[in-house]
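S.K.: Quick one, what's the 3D model for this:
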Amino acid sequence: MSNTQEYLIEAANLITLPDIYIAVKDIVDNPDSGMADLAEVVSYDPAISARLLKVANSSFYGQVSEIETINRAVMLLGTKTVHDTVLNITISQAFQSVSAVDYDVATFWQNSIMRAVVALSCAKELNIPEPDRLFTLGLLSDIGHMVMSIRAPDLMREVFQQHRKSKFPLHLFERSTFGFDASELGADILECWSIPASIVTGIRYQNCPEIASEFRQDAGIIYCAVRLHPDEKEFPNMLDFEVLKQLNMDNLDFKLIRSKSASRYDEALSLFPATQLKQAV
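M.R.: Prediction:
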C-alpha cells in the first residue's frame, strides 16, 4: 500500500467529480467524437452551459464578439480549453460540498484562484502555447494540502509551525512527517480521477521541476505560482534562481506577473466563485 493510500480514500469521500465532467472527458478522449458531440454533451447541463458561456465571454479568452451559443463557444475555445474549463467549473462546484471541522475551505479556494491566475500570468509572460491550461494547473496544485489538513489537522499544524519557524521549504517537513508531500498526494488524487497526465505531472513536480522528465516548464510555472502570491507575508518568496535557470525561466518579470495577477484575480473569482463554499466553525 502506498504512503498516500489512506489519504486517497479520504479525498474520494470528500470530493466526487460530477457526471458532466466525466462525459466531457470521454468525448475529448474519443478520436471519433467531434465538436458537435462535445457541444451536445455540455448542453445537457444548463448550469455548466451558462457558466461556460460566461467564461468564454470573459477577458480570459480575449473574445471581441459576444458568444451566445454553446456550439460557438466550443468552436472558438477548442476541445482542450472546453475540457479544462468544465473541469475548473465542476471542481469549484464539488468543493462547495466539502465541510470539515477547523478547516476553512473558502480561504483555501480563494488562494487556489490566486495561484491559478499567477500561473496563467507566468504562462503568458513566457508565451507558451495554450497558456490557459496553466490556470487549471494552478487551480488544482494545492489539493493535497487540503486533504492532509482535513485528514491529519494536528500533524499539519505542526508541519506549518516548523516551516514558519525555520523558513525551510514546507514540503521537506511534510516528507519527514508523512512520508510524502502535498504535491505527491495531489498528483495521486488527480491520477485517480483520470485527470490528464500534463496536469498530474506538473503538480507532482511543482517543488522540484528541474527533475521532471516531461512537462518541466509546466511544473516550473507552478513552482513560481506557489511563491509569487502578491501577498508576500502569506506566501514568502523562496525562489531558487538556479532552478529557474535550468528551466530557462530566470528572465521572468516577477513584478509584472504579480501586478497582472492582482488585476485578474477578481474576474477569476467571479468565474469560479468561492463565496458559496462552506467555512468550518
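S.K.: Run through who's touching the helix or strand H171 falls within.
M.R.: When elements are assigned from DSSP states H and E, H171 belongs to helix 170-178. Residues outside helix 170-178 that contact it (CB atoms under 8 Å, 6 or more residues apart in numbering): 3, 148, 152, 155, 158-160, 162-163, 166, 180-183, 207. From N, CA and C alone the C-beta is placed, and that goes for glycine too.
S.K.: and it, how far out from the chain's middle?
M.R.: Taking CA atoms, centre = their mean, to the nearest Å, one finds helix 170-178 lying 21 Å from the centre of the chain it belongs to.
S.K.: Of the contacts of helix 170-178, select the buried ones using a PyMOL command.
M.R.: Remark: buried members of these, expressed as a PyMOL selection using 16 or more other CB atoms under 10 Å:
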select buried, resi 148+152+159+162+163+180+181+182+183+207
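S.K.: ok, of the contacts of helix 170-178, which one's closest to E242?
M.R.: N207 (14.4 Å; CB to CB).
S.K.: Could you look up the SS state of that closest one?
M.R.: coil (DSSP: H, G, I helix; E, B strand; the rest coil).
S.K.: coming back round to it: among the contacts of helix 170-178, give me the pair with the biggest separation.
M.R.: N3 and S166 (23.0 Å).
S.K.: circling back: follow the chain on from the helix holding H171 and name the next helix or strand.
M.R.: Going C-terminal from helix 170-178, and assigning secondary structure by DSSP H and E, you next hit helix 182-192.
S.K.: Now do that next one and helix 170-178, the angle between them.
M.R.: Interaxial angle of helix 182-192 relative to helix 170-178 (axes from the mean of the first three to the mean of the last three CA atoms, to 10 degrees): 80 degrees.
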